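Asker: Provide a 3D model corresponding to the input given below.
(2 chains)
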Amino acid sequence: MTASTEKEHPRAKLLRMDRIPHIWCPTCGIGTAVNVFIQALIESGLNLKKVAVVSGIGCTGRVAGYVNLDSFHTTHGRAIPFATGLKLAHPDLTVVVFSGDGDLVAIGGNHFIHAARRNMDLKVFCVNNFNYGMTGGQVAPTTPVGAKTTTTPFGNFEHPFNLVHLAVSSGAVYVARWTALHVRRLKWSMKEALLKPGFSFVEIVAPCSTVYARRNRLGTGLDLMKFYREHAKVQHGMDPRAAEIQFQKDIHVGKFLDIEKPTWLDGINEGFSSVFGKKYVPYGSKAWLEMRSASAASAVKASS
Amino acid sequence: MHADPKGVLTGSYFFDGDFACAEGALAGECRFLAGYPITPSTEVAERMAQRLPLVGGIFIQMEDELGSMAAVVGAGWGGAKSMTVTSGPGFSLMQENLGLAAMTETPCVLVNVQRGGPSTGLPTMVGQSDLMQARWGSHGDYEVIALAPASPQECFDFTIKAFNLAERYRVPVMVMMDEVVGHMTEKVVIPPAEEIEVVPRRFTEEPPGAYLPYRIPEGRCVPDLVRLGEGYNIHTTGLTHDERGYPVMTAACQEGLVTRLVDKIRKNVDDIALLDQRDLDGADVVVVSYGITFRVAQLAIEEAAKKGIKVGQVRLITIWPFPEKRIREIAKTIKGFVVPEINLGQMVLEVERCAAGQCSTTLVPHPGGSVHDPMDILDKIVEAAR
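Answerer: Prediction:
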């Protein structure tokens, strides 16, 4: 690329341009979610060197591979526990988990509720496209009743999870839902989530026109966007229990929860400090960092 | 480099193997443990939960073993020396992310205090039946390192060794204890920190931009690790990847990567594999054993010697990689190997493979729940000597 004739894409610095083109289908909502995420990161004012992204497996699981940050593409369902280890070993990082609905709440469902319960300081961004896209469109724990997938060829008869309700009731401190149409509001929520200490959850309802929409005859990517425009109802602070997503019915979007609660690390630091007093060096604190580097330095000195 | 004195509880103690293992981990500079309670390994986690807060470390009890192992791999990338500890079914659940650790070359330690299986099996009673799972438990081709302590002192020593090997070869290293070793109480001596050798994590000195996460610096057998949060913007994946850490879905990339993952251990077997060899000169029968069974076999060996049988011993300290070459050499000079193990035939398969018909190989099986009756081992020694 010659700088004189072509302008660099405004997001290029935060994307691994040597990996573009990406694998996502035309009209897929994941690209939009990533674009918004990058804008949110830029506007958040965070030191981008200190932001890490962890993904699991699936279409959205590929996000970690495209963002130009310290990034980890892990095993199916285990993005949250991997991120938990990463965050606790390196507490000054802002750790984002970017993955899909199947990854986060089916195979990874147990980790999701427990990380929320602990209020682990993770920012979890979940692209919900109502099915397993990468494997060709199978039923997911988010598939609305009645929707067809390759493994529910006669329609899905199982109750789906309502992700915002799940997150709120499991203990998250920040919970929002938008669709891939709501790029500005999504950016605003992602920014808030990035800056909020604790388990923050943003659901991004996104089109999968290649498999989910095609099998359900929902039209093109543009038709899906039109559907979101007509059927997404912004209702901040609504009871998340009432925000269940039903097949081709209104989708309640907005910010459902934004509360303050000590994070897991705050909790143990406070707890151990009260038990051990000054003997306890709060984990992740300045004194802790000094203690760690002092230990390493004394060991090096003695060995040299 | 010597150990950080903060984690070293110098002195003489009366410890069980589980506690000794925890102290070994701390001396080996482990500062992160994610685990899930399961008998007979829980005491390791309990001791770490008590000790880690005051040495600047983290203990977290996860929701299951899947998450525990995933958190250990994540913590490894976060820069911590990390470990988990489990038994029985928990070991099965950890295989998934053990594979991720092997594929992403994450140094970490997994302690398995073995009990009887399969399934829930004998939760409180001894087994040695996870040896093959330690080697082959996750899907795909990879190599690991596994050590088998036979006493609480060795639980301490070998856990330090495990952390050092994990750093040196960037592999998951397993400490394959067993219930008896884990729960037996004996004298454990913890030396002063300056007498404990630890291998520090090797972080790259290359600047961001020049560093590639899976490029091997000259003269090294594994790539250097990297400090996060410093603008390296590294990527790592469980997919087949190139030097940049980027996924590459080709047979050629698979060949290069997987061959390297396997060769970094296979080509260094002589440096890694440790075995204790005794009385091999002129021996007719050689008992090959490991863990608690090594100690149980001593009575049988003494009795056999009284009967005039020349018995030698090989004790496997490193179970994996298997000391193939040495077993082949010994096989040429003896009548037979006798292999007692608390399973129905696992390591005996390796011994038999290496013996390759040059001598007999006899298993002394025991399905678990107790150690062998030494007389059963004696009978097989007598048979093999004929």
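Asker: Going by C-alpha atoms from here, please, whenever you check contacts or count neighbours.
Answerer: Will do.
Asker: The residue most central in space within chain B in helix, strand or coil?
Answerer: Centroid-nearest residue in chain B, with Cα atoms, centre = their mean: residue B:146, separated by 2.3 Å. Here residue B:146 is recorded as strand under DSSP: H, G, I helix; E, B strand; the rest coil.
Asker: Please, which helix or strand holds the closest residue in space to it that isn't next to it in sequence?
Answerer: Spatial nearest neighbour of residue B:146, excluding adjacent residues (Cα to Cα, 6 or more residues apart in numbering or on different chains): residue B:174 at 4.5 Å. Assigned by DSSP states H and E, residue B:174 belongs to strand B:172-178.
Asker: Which strand residues bridge the closest residue in space to residue B:305 that isn't next to it in sequence?
Answerer: With Cα to Cα, 6+ apart as the criterion, residue B:305 has its nearest non-adjacent residue at 6.7 Å, and that residue is residue B:311. Here residue B:311 sits in beta bridges with residue B:285, as judged by DSSP bridges.
Asker: residues in contact with the most centrally placed residue in chain A?
Answerer: Closest to where the C-alpha atoms of chain A average out (Cα atoms, centre = their mean) is residue A:125, at 1.6 Å. Shown in contact with residue A:125 (Cα atoms under 8 Å, 6 or more residues apart in numbering or on different chains): A:96, A:97, A:98, A:99, A:201, A:202, A:203, A:204.
Asker: from those, which ones fall inside strands?
Answerer: Mapping the contacts of residue A:125 onto strands (DSSP state E) picks out A:96, A:97, A:98, A:99, A:201, A:202, A:203, A:204.
Asker: Need phi/psi at residue B:338.
Answerer: phi -120, psi 130 (degrees, to the nearest 10).
Asker: Hmm, I typed the wrong one, I wanted residue B:337.
Answerer: Residue B:337 adopts backbone torsions of phi -100, psi 140, taken as degrees, to the nearest 10.
Asker: number of nearby residues for it?
Answerer: With neighbours defined by other Cα atoms under 10 Å in any protein chain shown, the count for residue B:337 comes to 31.
Asker: per-residue confidence for it?
Answerer: The model reports residue B:337 with a pLDDT of 98.
Asker: ok, what's across the strand from it?
Answerer: Applying DSSP bridges, one finds that residue B:337 bridges with residue B:286, residue B:361.
Asker: quick one, what contacts it?
Answerer: Taking Cα under 8 Å, 6+ apart, we find residue B:337 in contact with B:285, B:286, B:287, B:288, B:331, B:351, B:359, B:360, B:361, B:362, B:384.
Asker: and residue B:110, helix, strand or coil?
Answerer: Residue B:110 - assigned by three-state DSSP - is strand.
Asker: That one and residue B:81 touch, don't they?
Answerer: No. If you go by Cα atoms under 8 Å, residue B:110 and residue B:81 don't touch, sitting 11.6 Å apart.
Asker: Counting neighbours, go ahead and name the busier of the two.
Answerer: Comparing residue B:110 with residue B:81 by other Cα under 10 Å, the one with more neighbours is residue B:81, at 30 against 26.
Asker: which ones are touching the residue lying closest to residue A:238 once chain neighbours are set aside?
Answerer: Nearest residue to residue A:238 in three dimensions, chain neighbours excluded: residue A:256, at 5.9 Å (Cα to Cα, 6+ apart). With contact set as Cα under 8 Å, 6+ apart, residue A:256 has these partners: A:164, A:174, A:175, A:176, A:177, A:236, A:237, A:238, A:239, A:240.
Asker: Just the buried residues of those.
Answerer: In the contacts of residue A:256, burial by neighbour count holds for A:164, A:174, A:175, A:176, A:177, A:240, counting by 16 or more other Cα atoms under 10 Å in any protein chain shown.
Asker: Kindly indicate which of these lies nearest residue A:270.
Answerer: For the buried ones among the contacts of residue A:256, the closest approach to residue A:270 (Cα to Cα) belongs to residue A:174, at 22.0 Å.
Asker: Now for that closest one: which residues touch it?
Answerer: Residue A:174 neighbours (Cα under 8 Å, 6+ apart): A:168, A:193, A:196, A:198-202, A:255-259.
Asker: quick one: stretch A:234-254 to chain centroid distance?
Answerer: Counting by Cα atoms, centre = their mean, to the nearest Å, stretch A:234-254 is centred 19 Å from the centre of its parent chain.
Asker: Mind exporting the C-alpha coordinates of that stretch to PDB?
Answerer: Extracted in PDB, the C-alpha atoms of stretch A:234-254 (Å, rounded to 0.1, in the frame of the first residue of the first chain):
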ATOM      1  CA  VAL A 234     -35.100   0.000  22.900                       C
ATOM      2  CA  GLN A 235     -36.100  -0.300  26.500                       C
ATOM      3  CA  HIS A 236     -33.400   0.600  29.000                       C
ATOM      4  CA  GLY A 237     -33.700  -0.900  32.500                       C
ATOM      5  CA  MET A 238     -36.400  -3.300  31.600                       C
ATOM      6  CA  ASP A 239     -36.900  -6.500  33.500                       C
ATOM      7  CA  PRO A 240     -34.600  -8.900  31.800                       C
ATOM      8  CA  ARG A 241     -37.000 -11.800  32.500                       C
ATOM      9  CA  ALA A 242     -39.400 -10.200  30.000                       C
ATOM     10  CA  ALA A 243     -36.700  -9.900  27.300                       C
ATOM     11  CA  GLU A 244     -36.900 -13.400  25.900                       C
ATOM     12  CA  ILE A 245     -36.300 -13.500  22.200                       C
ATOM     13  CA  GLN A 246     -39.000 -15.300  20.300                       C
ATOM     14  CA  PHE A 247     -39.000 -16.400  16.700                       C
ATOM     15  CA  GLN A 248     -39.400 -13.300  14.500                       C
ATOM     16  CA  LYS A 249     -41.000 -11.300  17.300                       C
ATOM     17  CA  ASP A 250     -39.900  -8.000  18.800                       C
ATOM     18  CA  ILE A 251     -36.400  -8.000  20.300                       C
ATOM     19  CA  HIS A 252     -35.900  -6.000  23.400                       C
ATOM     20  CA  VAL A 253     -32.600  -4.100  23.400                       C
ATOM     21  CA  GLY A 254     -30.900  -1.700  25.700                       C
END
